[in-house]
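Visitor: Here you go, sequence then predicted model.
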Amino acid sequence: MTATTQTALPQGLTSGTWALDTAHTEASFTARHAGVTKVRGTVKVTEGALVLGDTLESSTLTATLDPTTIATGNESRDGHLKSADFFNAETAQPWTFVSTGVRQTGENTYAIAGDLTINGVTKAVELATEFNGVVVDPWGGTRAGAEATLTVSRKDFGLTWNVALEAGGVLVSDKVVINLDVAAVKQA
């Protein structure tokens with residue numbers, strides 16, 4: 001029988017609940033358009049929590065995002081993304097992420113495995129995460145920060161709308177890069 005190794009929490013993090021500070025947390029995405037340019041956008045993180053045990057293995061992360069808040073800086077494109085062709089935002093359920101495991105990959109880097117649900121489809125994903133540290137803010141709150149990224153296939157989530165281009169290829173790439181900048185505040 002082999003012993004299971006337990007990984008200590010990163011320096012400065014303590015066990016307990018850390019609520020995501022949604023005013024200082026951002027989810028952004030990038031997709032290729034017509035194979036030659038990138039379109040970037042954001043979607044609001046509306047709630048979430050990091051519940052830390054005494055080790056990484058006993059810790060969890062949850063987050064909820066609101067598809068009605070998709071913004072790319074172009075009203076027409078935003079309307080199309082919110083339509084039934086993509087996210088059907090008017091009737092869609094919130095998007096969710098629920099962690100299933102975490103492992104340390106470097107000095108301040110981690111892989112957070114979890115289930116991502118978009119448009120009612122749940123897929124296992126892994127967030128490549130960099131821990132940025134812990135500080136006490138001017139109001140006495142203990143605040144932690146991290147950045148994470150992952151690449152998903154939009155087809156995996158039933159997002160198949162596209163247009164073939166005359167010269168070959170398609171209008172919207174299948175691969176979408178998601179970036180997260182996360183702030184969390186320790187709860188009393």
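Guide: Arrived safely. Residues are numbered from 1 along each chain as shown.

Visitor: Quick check: which ranges of this protein have low pLDDT?
Guide: Applying pLDDT under 70 to the chain flags residues 1-4.

Visitor: again, only using 80
Guide: Residues of the chain that meet the criterion pLDDT under 80 lie in 1-5.

Visitor: Can you tell me the element L127 falls in?
Guide: Following DSSP states H and E, one finds L127 within strand 121-136.

Visitor: tell me what the helix or strand that that strand is followed by is packed against?
Guide: Counting by DSSP H and E, the element after strand 121-136 in chain order, helix or strand, is strand 142-153. On a contact count with 3 or more C-beta pairs under 8 Å, 6 or more residues apart in numbering; DSSP states H and E, strand 142-153 meets strand 121-136, strand 172-186. No exception for glycine: its C-beta is placed from N, CA and C like everyone else's.

Visitor: ok, strand 142-153: who's next to it in the sheet?
Guide: Here strand 142-153 is paired, per DSSP bridges, with strand 121-136 (antiparallel), strand 172-186 (antiparallel).

Visitor: List the buried residues of the first one.
Guide: Applying a neighbour-count criterion of 16 or more other C-beta atoms under 10 Å, the buried positions in strand 121-136 are 125-127, 129, 131, 134.

Visitor: Among those residues, which one sits closest to V172?
Guide: Comparing these against V172 with C-beta to C-beta places V125 closest, at 19.9 Å.

Visitor: Skip the chain neighbours and tell me the closest residue to that closest one.
Guide: Excluding the flanking residues, the one nearest V125 by C-beta to C-beta, 6 or more residues apart in numbering is L116, at 4.7 Å.

Visitor: residues near the one you found, how many?
Guide: Residues within reach of L116, counting by other C-beta atoms under 10 Å, total 22.

Visitor: Pull out the buried residues from stretch 86-95.
Guide: 86-87, 89, 92, 95.

Visitor: Please disregard the earlier target; I meant stretch 32-42.
Guide: Residues 32, 39, 41-42 are the ones in stretch 32-42 that count as buried (16+ other C-beta under 10 Å).

Visitor: what sits against the nearest residue to T7 once chain neighbours are set aside?
Guide: The shortest distance from T7 to any non-neighbouring residue, by C-beta to C-beta, 6+ apart, is to L56 (4.3 Å). By C-beta atoms under 8 Å, 6 or more residues apart in numbering, L56 lies in contact with 6-9, 102-104, 110.

Visitor: Figure out which of the helices and strands packed on strand 142-153 is closest to T62.
Guide: Proximity to T62 (C-beta to C-beta) singles out strand 172-186 among the helices and strands packed on strand 142-153, at 11.5 Å.

Visitor: Find out how far that closest one is from the centre of the chain, if you would.
Guide: Mean-position distance between strand 172-186 and its chain equals 4 Å (C-alpha atoms, centre = their mean, to the nearest Å).

Visitor: wait, isn't A184 in contact with H24?
Guide: No: look at A184 against H24 with C-beta atoms under 8 Å: they stay out of range, at 9.3 Å.
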